[in-house]
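In: The amino acid sequence is not available; the structure is as follows:
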């Protein structure tokens with residue numbers, strides 16, 4: 001099944017890249033790196049390690065009462081529903097399916113209706129590589145998603161907003177169906193005075209405006225030491241133009257907003273602060289210029305909700321302790337980014353804020369490491385996947401217990417003797 005999934009990607013590479021370009025105007029390099037490349041790496045990683053993951057674990061124990069053998073293996077849940085989002089319509093649709101198939105499940109994929117080109121291609125190609133009872137694609141809108149979620153599945157995997165994820169969770173609870181939720185997060189990015197350099201700024205600009213900012217792990221708000229605040233802003237705008245030119249709408253390396261509704265929501269955020277750079281947009285082209293906002297209104301949507309667009313808030317901080325106190329008032333993010341050369345600062349932030357992950361002096365790349373279980377906490381998600389964590393997420397532990405008794409314990413059965421409790425206290429470590 002994994003090899004078939006790999007062939008599905010490789011043999012239709014140009015079609016996938018073309019579909020992603022139609023849906024989100026993704027440049028081929030960006031589409032391959034963030035969608036196809038990570039999927040191929042994940043498949044090959046699972047192929048390499050799957051036999052080891054499948055191997056049962058056995059434990060032995062000798063007691064006064066006999067010999068015990070325990071075998072622990074993993075079993076597939078059975079039927080899995082995957083509800084995929086629109087922002088990475090290929091990667092985030094197939095990444096969980098890799099783990100589901102590796103664990104031995106059958107899968108139904110409901111791709112996003114907002115990315116028609118990619119969804120249609122999935123619906124067209126999957127039947128050419130998989131039997132319907134193994135892997136099937138069902139296209140449709142929100143009503144179709146609700147109907148699918150209401151079915152009594154063995155496992156549900158959802159990627160999307162916290163609001164929708166809560167609805168999926170509530171519906172699944174009616175059948176006591178286990179779920180894995182990959183949700184959003186307002187990811188803070190902290191830059192202290194030890195790390196003002198070109199590489200830091202390149203990382204942040206690239207990570208923020210990748211896919212036109214429509215990434216759940218994009219840096220959401222950058223908190224910069226006031227000592228370097230002005231210099232950081234200057235470097236930031238210089239780097240935006242170095243990447244995309246001074247007229248970004250003409251750049252072939254810059255994506256577009258998914259639809260008009262999302263476009264209108266992002267444009268409304270421009271009123272929540274002062275535009276330091278950018279701010280231009282075209283509804284017809286679904287284009288919002290890479291934008292930097294300062295002097296953000298404290299209680300605005302920009303300050304309190306996930307941005308999920310090409311708008312970067314930059315906030316100066318004077319005292320790190322005060323900043324961490326402020327961040328603790330927000331919901332747990334998917335990741336906290338820290339750019340610092342000071343190990344004490346790193347530890348202070350690591351222990352000072354709740355976060356699903358911490359990434360030092362890099363953005364985005366932590367999500368591509370198959371050894372790192374990826375997922376959220378609280379409002380940012382429930383459960384982890386990628387690599388071995390995916391195999392474990394889509395399977396359950398099944399123990400098999402065997403015991404050969406040497407000496408029967410007569411006091412095990414009623415009626416209990418008066419001495420039974422005294423014997424249990426003395427010999428409990430040796431009899432069970």
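Out: Ah, there it is. Everything quoted here is computed from the prediction, not taken from an experiment.
In: Of all the residues in stretch 314-327, which ones are buried?
Out: 314, 315, 316, 317, 320, 323, 324, 327 (16 or more other C-beta atoms under 10 Å). Glycine gets a C-beta too; all of them are placed from N, C-alpha and C.
In: Distance check, the fourth one against residue 330.
Out: For residue 317, the distance to residue 330 under the criterion C-beta to C-beta, to the nearest Å works out to 14 Å.
In: same thing with the fifth one?
Out: Spatial separation of residue 320 from residue 330 under the definition C-beta to C-beta is 16 Å.
In: Could you pull out the buried residues of stretch 332-350?
Out: Residues of stretch 332-350 classed as buried by neighbour count (16+ other C-beta under 10 Å): 332-340, 345-346, 348-349.
In: cool, and stretch 256-270?
Out: By 16+ other C-beta under 10 Å, the buried positions in stretch 256-270 come out as 256, 257, 258, 262, 263, 266, 267, 269, 270.
In: repeat for stretch 19-33
Out: Buried residues in stretch 19-33, counted by 16+ other C-beta under 10 Å: 19, 20, 21, 23, 24, 25, 26, 27, 28, 30, 31, 32.
In: distance between it and the chain's centre?
Out: Distance of stretch 19-33 from the chain centroid (C-alpha atoms, centre = their mean, to the nearest Å) equals 20 Å.
In: Could you report the neighbour count for the closest residue to residue 32 other than its chain neighbours?
Out: Leaving aside its chain neighbours, residue 32 sits nearest to residue 17 (6.6 Å; criterion: C-beta to C-beta, 6 or more residues apart in numbering). Neighbour count for residue 17, taken as other C-beta atoms under 10 Å: 20.
In: Now do the contacts for residue 171.
Out: 146, 149, 150 (C-beta atoms under 8 Å, 6 or more residues apart in numbering).
In: check which helix or strand covers it.
Out: helix 162-173 (DSSP states H and E).
In: The next helix or strand after that helix pairs with which strands, parallel or anti?
Out: The C-terminal neighbour of helix 162-173 among helices and strands, as given by DSSP H and E, is strand 179-182. Each strand paired with strand 179-182, and its direction, by DSSP bridges: strand 155-159 (parallel), strand 381-382 (antiparallel).
In: From the chain's centre, how far out is strand 179-182? Work that out for me.
Out: Distance, centroid of strand 179-182 to centroid of chain: 9 Å (C-alpha atoms, centre = their mean).
In: same question, stretch 36-53
Out: The answer for stretch 36-53 is 17 Å, by C-alpha atoms, centre = their mean.
In: Then stretch 209-223?
Out: Remark: stretch 209-223 is offset 14 Å from the chain centroid, using C-alpha atoms, centre = their mean.
In: go on, stretch 352-362?
Out: Taking C-alpha atoms, centre = their mean, one finds the center of stretch 352-362 at 14 Å from the center of the full chain.
In: Same question for stretch 20-37.
Out: For stretch 20-37, the distance to the chain centre is 18 Å (C-alpha atoms, centre = their mean).
In: Would you mind listing the outside residues contacting that stretch?
Out: Here stretch 20-37 has contacts from 9, 13, 16-17, 86-91, 114-118, 210-212, 214, 252-256, 258, using C-beta under 8 Å, 6+ apart.
In: so where's this structure uncertain?
Out: 409-410 (pLDDT under 70).
In: redo that, cut-off 90
Out: Applying pLDDT under 90 to the chain flags residues 63-67, 184-185, 330-331, 379, 403-432.
In: returning to what we had before: so which of the buried residues of stretch 19-33 comes closest to residue 78?
Out: Set against residue 78, the nearest of the buried residues of stretch 19-33 by C-beta to C-beta is residue 19 (30.6 Å).
In: just checking, that closest one is part of a helix?
Out: Yes. Counting by DSSP: H, G, I helix; E, B strand; the rest coil, residue 19 is found in a helix.
In: tell me the contacts of it?
Out: By C-beta under 8 Å, 6+ apart, the contact set of residue 19 is 90, 115, 117, 118, 120, 121.
In: so what's it closest to, chain neighbours aside?
Out: In space, residue 19 is closest to residue 117, 3.9 Å off (C-beta to C-beta, 6+ apart).
In: so who does that neighbour touch?
Out: Neighbouring residues of residue 117 by C-beta under 8 Å, 6+ apart: 18, 19, 20, 22, 23.
In: same check, this time on residue 390
Out: Here residue 390 is in contact with 42, 46, 95, 96, 98, 99, 100, 102, 103 (criterion: C-beta under 8 Å, 6+ apart).
In: Turn those residues into TSV, including neighbour count.
Out: Formatted as TSV, the contacts of residue 390 follow (neighbours: other C-beta atoms under 10 Å):
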residue	neighbour count
42	25
46	23
95	26
96	26
98	26
99	26
100	29
102	26
103	24
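In: Which of these fall in helices?
Out: Under the assignment DSSP state H, the contacts of residue 390 contribute 42, 46, 95, 96, 98, 99, 100, 102 to helices.
In: closest one to residue 299 among the strands paired with strand 179-182?
Out: Taking C-beta to C-beta, strand 381-382 is the member of these nearest to residue 299, at 25.4 Å.
In: That closest one: how far from the chain's middle?
Out: 9 Å.
In: And for stretch 279-294?
Out: 26 Å.
In: Report the buried residues of that stretch.
Out: For stretch 279-294, by 16+ other C-beta under 10 Å, it's 279, 281, 286, 287, 288, 289, 290, 291, 292, 293, 294.
In: tell me how far the ends of it are from each other?
Out: Counting by C-alpha to C-alpha, to the nearest Å, you get 12 Å between the two ends of stretch 279-294.
In: what comes into contact with that stretch?
Out: Applying C-beta under 8 Å, 6+ apart, the contact partners of stretch 279-294 are 205, 208-209, 212, 233, 236-237, 240, 244, 248-249, 254, 256-260, 263-264, 266-267, 269-270, 272-278, 302, 309-315.
In: From those residues, which land in strands?
Out: Using DSSP state E, the members of these that fall within strands are 274, 275, 276, 277, 311, 312, 313, 314, 315.
In: The first one: neighbour count?
Out: Which is residue 274. By other C-beta under 10 Å, 12 other residues sit near residue 274.
In: Helices of the stretch 51-200 of the chain, residue ranges please.
Out: Under the criterion DSSP state H, counting those that start in this stretch, the stretch 51-200 of the chain contains helices at 91-102, 116-129, 142-149, 162-173, 198-209.
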